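**Student:** Provided below are the primary sequence and the corresponding predicted coordinates.
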Amino acid sequence: MPSLISTNGINKAFGPVRALSGVTLDVPRGATGLLGPNGAGKSTLIRALVGLVKPDSGTGRVLGLDIASRGVEIRRRIGYMPEHECLIGELSAVEMVAYAGQVSGMTRKAALQRAHEVLHFVGMGDERYREVGTYSTGMKQKVNLAQALVHDPELLLLDEPTNGLDPRGRREMLDLLRFLARDAGKSVLLSSHILPDVEHVCDHVVVLAGGEVLLQGDMRSQLRGEPGVMNVRAKGDIEAFASGLATRGYSVDAADPYMLRVVTGGPETGSSDTGGWEETMTCDIMAAAAASGVQVRYASASVMHLEDLFMEIVQRGGGEEVGR
Ligand SMILES: Nc1ncnc2c1ncn2[C@@H]1O[C@H](COP(=O)(O)OP(=O)(O)OP(=O)(O)O)[C@@H](O)[C@H]1O
Ligand SMILES: [Mg+2]
């Protein structure tokens with residue numbers, strides 16, 4: 001099956017700022033999170049995908065359409081929720097959403113009927129007849145989502161849809177998105193700087209930082225071993241055990257007295273791809289344990305969760321808060 005969104009080496013600079021740097025992506029059907037700290041390039045990427053930002057170089061396709069020449073058609077075919085609201089304050093939600101439907105090529109009658117349906121779906125009652133300018137942020141975001149849904153697109157590109165929402169509004173928004181992705185068969189690209197948002201809705205993830213794609217793939221496979229680190233639970237003379245490990249080139253971090261974090265000292269232990277380091281390290285740990293009369297109860301490679309990885313990226317990249 002062809003990918004829904006694919007890009008090849010997209011670069012985009014704004015003056016001296018490199019907003020996107022060699023972005024090569026392959027986004028499958030389903031729900032994908034576009035995760036990255038503030039300034040990572042998420043909005044620029046989404047705007048490039050819908051033809052609103054022209055890349056300096058590189059190519060891309062959305063639903064098989066070239067982003068350089070088919071922007072209008074792409075915007076008609078997909079549902080796009082921009083970062084900043086673009087609602088007309090004097091219109092009611094019904095008029096606003098119906099207008100968006102007509103812009104996407106629907107007849108006035110069909111657009112009005114759908115406007116009521118999608119506003120009901122996002123949880124708006126009689127307030128849908130009120131002027132949008134009088135709405136709370138949460139209601140405005142719902143109208144934005146309704147606008148993106150009015151023409152029943154198969155693909156939604158949503159730029160930080162939980163921005164500015166209180167915990168309840170955020171939850172409602174995420175539940176709607178999850179329903180759309182899991183039960184209504186929509187494909188979703190959801191940008192956020194909040195990892196739990198992405199975890200709630202998505203099964204794929206793309207991590208962007210400093211304009212570069214740091215990783216992309218299945219959410220579950222983003223659990224990865226930290227090369228050269230094992231967690232060990234041992235019983236007996238821990239000090240003798242630790243010094244035995246030290247003579248074998250390992251350091252022991254006993255931040256948690258019940259679980260030792262054994263870290264390899266030298267680079268010669270190899271890479272995580274081969275898995276070879278794990279076997280070597282296990283042998284060394286067992287040998288040190290035997291020599292010091294310590295019983296090893298548990299030994300396993302330390303697993304790094306996407307969250308740790310994301311925190312590391314945010315800290316390294318000097319991004320702003322993760323917003324948990
Ligand atoms: N129109 C523009 N003119 C100048 N610089 C821009 C423009 N658009 C984006 N940038 C810069 O490009 C970089 C990436 O911005 P972008 O808005 O794509 O990031 P983002 O990941 O969406 O961030 P946020 O989480 O804050 O929305 C930033 O350094 C930003 O200041
Ligand atoms: Mg943004």
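**Tutor:** Here it is on my side, so go on. Quick caveat: nothing in here was measured; it's all calculated off a predicted structure. Residues are numbered from 1 along each chain as shown. Ligands and ions are numbered 1, 2, ... in the order given.

**Student:** quick one: contacts for the residue nearest to Arg168 when sequence neighbours are not counted?
**Tutor:** When the adjacent residues along the chain are set aside, Arg168 lies closest to Gly138, with 7.9 Å between them (CB to CB, 6 or more residues apart in numbering). Every residue, glycine included, has its C-beta placed from N, CA and C. Gly138 makes contact with 165-166, 168-169, 172-173 under the criterion CB atoms under 8 Å, 6 or more residues apart in numbering.

**Student:** Which ones among the residues you listed map onto strands?
**Tutor:** When DSSP state E defines the strands, the subset of the contacts of Gly138 inside them is empty.

**Student:** Of the residues you listed - the most surrounded one?
**Tutor:** Within the contacts of Gly138, neighbour counts (other CB atoms under 10 Å) peak at Met173, which reaches 25 neighbours.

**Student:** Let's see the pLDDT reported for that one.
**Tutor:** Note for Met173: predicted pLDDT of 92.

**Student:** hang on, the earlier thing: name the nearest of the contacts of Gly138 relative to ligand 1.
**Tutor:** Ranking the contacts of Gly138 by separation from ligand 1, with CB to the nearest ligand atom as the measure, puts Leu165 on top at 14.9 Å.

**Student:** Please identify the helix or strand for the closest residue to the closest one other than its chain neighbours.
**Tutor:** Nearest residue to Leu165, sequence neighbours excluded (CB to CB, 6+ apart): Gly138, at 5.5 Å. With elements delineated by DSSP states H and E, Gly138 resides in helix 137-149, which encompasses its position.

**Student:** in that helix, what's buried?
**Tutor:** In terms of neighbour count (16 or more other CB atoms under 10 Å), helix 137-149 has its buried residues at 138-149.

**Student:** Save those as JSON lines, and put in distance to Asp197 and pLDDT too.
**Tutor:** Putting the buried residues of helix 137-149 into JSON lines (distance: CB to CB, whole Å; pLDDT from 0 to 100) gives the following:
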{"residue": "Gly138", "distance to Asp197": "15", "pLDDT": "89"}
{"residue": "Met139", "distance to Asp197": "19", "pLDDT": "90"}
{"residue": "Lys140", "distance to Asp197": "18", "pLDDT": "92"}
{"residue": "Gln141", "distance to Asp197": "13", "pLDDT": "92"}
{"residue": "Lys142", "distance to Asp197": "16", "pLDDT": "93"}
{"residue": "Val143", "distance to Asp197": "20", "pLDDT": "94"}
{"residue": "Asn144", "distance to Asp197": "16", "pLDDT": "94"}
{"residue": "Leu145", "distance to Asp197": "14", "pLDDT": "94"}
{"residue": "Ala146", "distance to Asp197": "19", "pLDDT": "95"}
{"residue": "Gln147", "distance to Asp197": "20", "pLDDT": "95"}
{"residue": "Ala148", "distance to Asp197": "17", "pLDDT": "95"}
{"residue": "Leu149", "distance to Asp197": "19", "pLDDT": "95"}
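
**Student:** how about the worst-scoring helix or strand of the chain on mean pLDDT as PDB, C-alpha atoms only?
**Tutor:** Of all helical and strand segments in the chain, the minimum by mean pLDDT, DSSP states H and E falls on helix 306-317, at a mean of 70. Extracted as PDB, the C-alpha positions of helix 306-317 are listed here (Å, rounded to 0.1, in the frame of the first residue of the first chain):
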ATOM      1  CA  LEU A 306      10.300   7.000  24.400                       C
ATOM      2  CA  GLU A 307       9.600   9.400  27.200                       C
ATOM      3  CA  ASP A 308      13.200   9.300  28.400                       C
ATOM      4  CA  LEU A 309      14.400   9.700  24.900                       C
ATOM      5  CA  PHE A 310      12.100  12.600  24.300                       C
ATOM      6  CA  MET A 311      13.200  14.300  27.600                       C
ATOM      7  CA  GLU A 312      16.800  13.800  26.500                       C
ATOM      8  CA  ILE A 313      16.000  15.400  23.100                       C
ATOM      9  CA  VAL A 314      14.300  18.300  24.700                       C
ATOM     10  CA  GLN A 315      17.100  18.900  27.200                       C
ATOM     11  CA  ARG A 316      19.800  18.500  24.500                       C
ATOM     12  CA  GLY A 317      17.900  20.700  22.100                       C
END
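
**Student:** wait, does it contact ligand 1?
**Tutor:** No - counting by CB under 6 Å from any ligand atom, no contacts exist between helix 306-317 and ligand 1, the nearest distance being 10.7 Å.
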